[in-house]
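Chemist: here is the input, now give the coordinates:
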Amino acid sequence: MSIRFGVSPIAWINDDMPELGGDTPLETVFNDCRDLGFEGVELGGKFPKDPAVLKPLLSGYGLDLIGGWYSSHLLVRDAAAEIEAMQPHLALLEAMGSQVFIAAECSNAIHGRRESPLRDPPRLDARAWPEFGERLTRLADYVAARGMRFAYHHHLGTAVETSADIDAFIAHTGDAVGFVVDTGHAVLGGVDPSALIRAHPHRVSHVHCKDVRRPIHADILASGRSFLDGVLAGMFTAPGDGSIDFGEVMRALAGIGYSGWIVVEAEQDPALANPRVYSQIGLSTLRREASAAGLRRALAAE
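Modeler: Next up is the predicted model:
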């Protein structure tokens, strides 16, 4: 049982809203990641996609590429078409030595639409789940055969958001379909992340840790504003700066013998929330709570 700490570049450069940190040089992101003590970083939209360029670039900062978000469209195309579409992304991750493939269904998602109220997320009816689950399972089986862990990202504003959605997701997918436990999206979707970990230990493939400000989320829902409006308003923050008990999350991970990455991720406006400062808060919080829970850092990182 060993863990490594990584970070998402979304605190510095937001791919969903390019105006948030879009002019930030990659060198600033990588310098901060290295100086703060992170061992890896997830893929960002501004990263070079040629492994011959990206690998030496990250190596120069002592960073590994953890993985990166892939937007699937399995509600509008079959598994064979999706597998073909994801080849460039998968090839990049393989060349970089990444061990996790993160995917989320985005064919009907609203999290990137400023005009769509967060309180009106897409929902799959009972008739849609079997085919979606079968396609997702085929995708995950393929990724597993290529030697990577498949991690589906439940996410506000998508078809897998609530506890009921996750129950349907589990019921209609095979064991190869792991998921990202994203603490922020879980809590604001009405899901207890620690209970989710304990209930489905064999499905926990990857971990994103962000904190939340519940009153802001409640106001976004009540006022009919969007997910991106919530990001701008400060709905999310770094671990240790909101209301989630990360000690309980780390104890749950220790209880299932979790091994893998624990990633600090908090999409905020970098002009209002200094990415370096908040990432340090997040990393310090997780290190302290992980150590207290008995989670051991990987030998390569010690």
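
Chemist: contacts, neighbours, all on C-alpha from now
Modeler: Will do.

Chemist: any low-confidence regions in the chain?
Modeler: For the chain, residues meeting the criterion pLDDT under 70 lie at 1, 299-302.

Chemist: in it, where's the longest helix?
Modeler: Counting by DSSP state H, the longest helix found in the chain is helix 275-293.

Chemist: who touches stretch 260-276?
Modeler: Among residues not part of stretch 260-276, those counted as contacts by C-alpha atoms under 8 Å, 6 or more residues apart in numbering are 2-14, 20-21, 32, 36, 66, 205-211, 231-232, 234, 236-239, 279, 282-283.

Chemist: ok, back up a step: distance from the longest helix of the chain to the middle of the chain?
Modeler: Here the centre of helix 275-293 is set off from its chain's centre by 17 Å, with C-alpha atoms, centre = their mean, to the nearest Å.

Chemist: likewise stretch 227-235?
Modeler: Centre to centre, stretch against its chain (C-alpha atoms, centre = their mean), the figure for stretch 227-235 is 17 Å.

Chemist: mind listing the helices for the stretch 201-302 of the chain?
Modeler: Along the stretch 201-302 of the chain, the segments classed as helices by DSSP state H, counting those that start in this stretch run 214-222, 227-233, 246-255, 275-293.

Chemist: what's the answer for the stretch 51-200 of the chain, then?
Modeler: Listed in chain order, the helices of the stretch 51-200 of the chain (DSSP H, counting those that start in this stretch) span residues 51-59, 79-85, 87-95, 129-145, 163-172, 183-188, 193-199.

Chemist: just the ones you listed: most buried one?
Modeler: The highest mean neighbour count among the helices of the stretch 51-200 of the chain, using mean count of other C-alpha atoms under 10 Å, belongs to helix 183-188: a mean of 24.

Chemist: now stretch 170-182: buried residues?
Modeler: Counting neighbours by 16 or more other C-alpha atoms under 10 Å, one finds that the buried residues in stretch 170-182 are I170, H172, T173, G174, A176, V177, G178, F179, V180, V181, D182.

Chemist: wouldn't the fifth one be in contact with T137 here?
Modeler: Looking back up the chat, that one is A176. Yes: assessed by C-alpha atoms under 8 Å, A176 is found in contact with T137 at 6.7 Å.

Chemist: end to end, how far does stretch 191-208 reach?
Modeler: 14 Å (C-alpha to C-alpha, to the nearest Å).

Chemist: need the contact partners of it.
Modeler: The list of residues contacting stretch 191-208 from outside it, by C-alpha under 8 Å, 6+ apart, reads 100, 149-151, 162-163, 175-183, 186-187, 248-249, 252-253, 255-256, 258, 260-265.

Chemist: now with 7 Å?
Modeler: When contacts are taken as C-alpha atoms under 7 Å, 6 or more residues apart in numbering, the neighbours of stretch 191-208 outside the stretch itself are 149-151, 162-163, 175, 177-183, 186-187, 248-249, 252-253, 256, 260-265.

Chemist: what about that stretch, distance to the chain center?
Modeler: Between the mean C-alpha location of stretch 191-208 and the chain-wide mean there is a distance of 13 Å, by C-alpha atoms, centre = their mean.

Chemist: is it true that T285 touches G242?
Modeler: No: counting by C-alpha atoms under 7 Å, G242 is not a contact partner of T285; they are 11.3 Å apart.

Chemist: mind listing what L124 touches?
Modeler: When contacts are counted by C-alpha under 7 Å, 6+ apart, L124 is found next to A159.

Chemist: this completes my enquiry, with thanks.
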